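> what's the 3D shape of this:
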Amino acid sequence: MNGVGAWIRYGDPITSEQIDFAAEHYRAAILQPWELAAAAELKTRRPDMTVLCYKCLSSTRSYEPGPLYSSGVSYAEADEQWFARREDGQRIEWERYPGHWQMTVWSPAYRTRWVDNVTAELADSPFDGVMADNDVFDDYYGLQLPIDGARSMAEIRDGLDEIVHAAGKSLNDVGKVLIPNIAESRRQPGRWSAHAAYGGGFEEVWLGYSPTDLFDPDTAEAQLSQAAGPGLSILRVPTDGNDQHPNFQYGLAAFWIFGEGRGAYSATAHDDYNHTQHVAELDWDLGRPLQDPVRRGHSWWREFTGGWAAVNFNMDGRRRRRIKVPAGMVDVHGDPAGSYLVLPPHRGRILRRA
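Predicted structure coming up:
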């Protein structure tokens with residue numbers, strides 16, 4: 001086992017040193033679709049790693065030179081009718097993301113072209129499949145509905161349902177997986193399992209929106225089933241970009257308690273997909289669970305054959321939790337963990353057996 005980390009890496013050009021590090025430490029990687037050499041190198045060195053190419057479901061980008069694109073339909077190829085428009089006829093450029101143009105995901109012709117293009121591109125590719133970004137739930141990019149052709153986000157979500165199912169079946173038919181970035185699935189029962197049915201799901205805002213805007217206990221606990229699949233669950237927790245940020249351990253503990261070490265995990269700053277985020281505990285194998293998750297209020301813990309994890313989802317600063325630690329556990333430095341630990345709110349801890 002080379003760790004449970006996910007390398008979310010669709011930013012600046014990749015270095016050879018990063019490839020070396022990724023091959024040693026990560027279970028899954030998400031790269032840009034033109035990074036074929038990097039994908040092939042990772043698959044040669046780590047055949048067990050799941051290497052995905054990034055594709056956007058909802059937009060096309062006007063700044064990409066090609067011939068490979070981060071969208072399923074390039075800006076040049078997009079038919080005029082596939083650009084979403086305001087009711088005055090203007091195309092819709094995303095707020096905060098210049099050069100990203102909303103597509104008519106409710107159009108069957110657009111969806112068919114997206115699926116055909118992506119399947120053809122991936123069929124003989126070193127990539128194991130696609131991370132399909134912007135499987136959105138709400139209006140995150142300033143669409144300001146109603147717009148021409150779509151009166152509500154429900155219509156956009158319906159279009160995304162259609163494209164996810166069509167793309168998933170098509171990619172599976174050529175031996176590839178589809179792992180959508182499934183936004184806010186906790187708000188619609190069954191959405192995660194339905195959209196993750198073709199290889200897995202990516203939760204980009206697991207346990208919180210930002211380093212300082214973490215979810216309340218009920219919201220966090222509504223996401224926990226995502227850790228258990230189906231397929232490969234890639235879970236990202238927000239930090240400030242420093243690997244020593246406490247959210248790294250917070251999310252990793254929850255990843256183990258509720259996912260049993262399946263899936264892949266990452267902790268990054270917002271849109272900071274240029275680095276090799278890592279802590280030593282990311283490489284640990286806690287082994288098989290010896291019990292179901294144990295709960296007291298909004299604190300949880302679980303013992304494994306090779307270690308132990310605990311997490312406190314509470315928000316109130318007075319809700320610290322004193323939790324008994326199984327015998328024989330040590331911390332990342334190899335020091336005995338003691339019989340008890342105290343977890344403040346929004347904190348987690350993993351230990352391993354000596």
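
> what's next to stretch 36-48, contact-wise?
If you take Cβ atoms under 8 Å, 6 or more residues apart in numbering as the criterion, stretch 36-48 is touched by 2, 14, 19, 22-23, 27, 29, 31, 49, 51, 53, 68, 125-128. Where you see a C-beta, it was placed from the backbone N, CA and C, and this is true even at glycine.

> most widely separated two among the residues you listed?
2 and 68 (27.8 Å; Cβ to Cβ).

> ok, now how distant is residue 60 from residue 269?
With distances taken as Cβ to Cβ, to the nearest Å, residue 60 is found 26 Å from residue 269.

> same thing with residue 263?
21 Å.

> tell me who's in contact with residue 29.
Going by Cβ under 8 Å, 6+ apart, the list of residues near residue 29 reads 6, 7, 9, 22, 39, 42, 49, 50, 51, 52.

> beta partners of it?
Beta-bridge pairing of residue 29 under DSSP bridges involves residue 7, residue 51.

> what's the spacing between it and residue 19?
10 Å.

> how is the protein carved up into domains?
5-283, 286-354 (automatic domain parsing).

> would JSON lines of these with mean pLDDT be doable?
Shown next, in JSON lines, are these (pLDDT from 0 to 100):
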{"stretch": "domain 5-283", "mean pLDDT": "97"}
{"stretch": "domain 286-354", "mean pLDDT": "95"}
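
> pick the most buried one from these.
Using mean count of other Cβ atoms under 10 Å, the stretch among the domains of the chain with the greatest mean number of neighbours is domain 5-283 (a mean of 19).

> now do that domain: distance to the chain's middle.
Centroid separation between domain 5-283 and its chain, computed with Cα atoms, centre = their mean, to the nearest Å, is 6 Å.

> quote the end-to-end distance of it.
7 Å (Cα to Cα, to the nearest Å).

> go on, stretch 62-76?
Using Cα to Cα, the two ends of stretch 62-76 sit 8 Å apart.

> likewise for stretch 64-74?
First residue to last in stretch 64-74 (Cα to Cα) measures 8 Å.

> contacting residues around that stretch?
By Cβ under 8 Å, 6+ apart, the list of residues contacting stretch 64-74 reads 10, 32-34, 36, 54-57, 59-61, 75-76, 82, 103, 110, 113-115, 117-118, 121.

> swap in 6 Å and give it another go.
33, 34, 54, 55, 56, 60, 61, 113, 114, 117, 118 (Cβ atoms under 6 Å, 6 or more residues apart in numbering).

> which ones among those residues lie within strands?
Judged by DSSP state E, these include 54, 55, 56, 60, 61 as members of strands.

> identify the farthest-apart pair in the contacts of residue 29.
Longest span within these, Cβ to Cβ: 6 and 39, 14.9 Å.

> now for the nearest residue to residue 129 once chain neighbours are set aside: which residues touch it?
Computed as Cβ to Cβ, 6 or more residues apart in numbering, the closest residue to residue 129 that is not its neighbour in sequence is residue 177, at 3.4 Å. Counting by Cβ under 6 Å, 6+ apart, residue 177 touches 128, 129, 199.

> cheers, nothing more for now.
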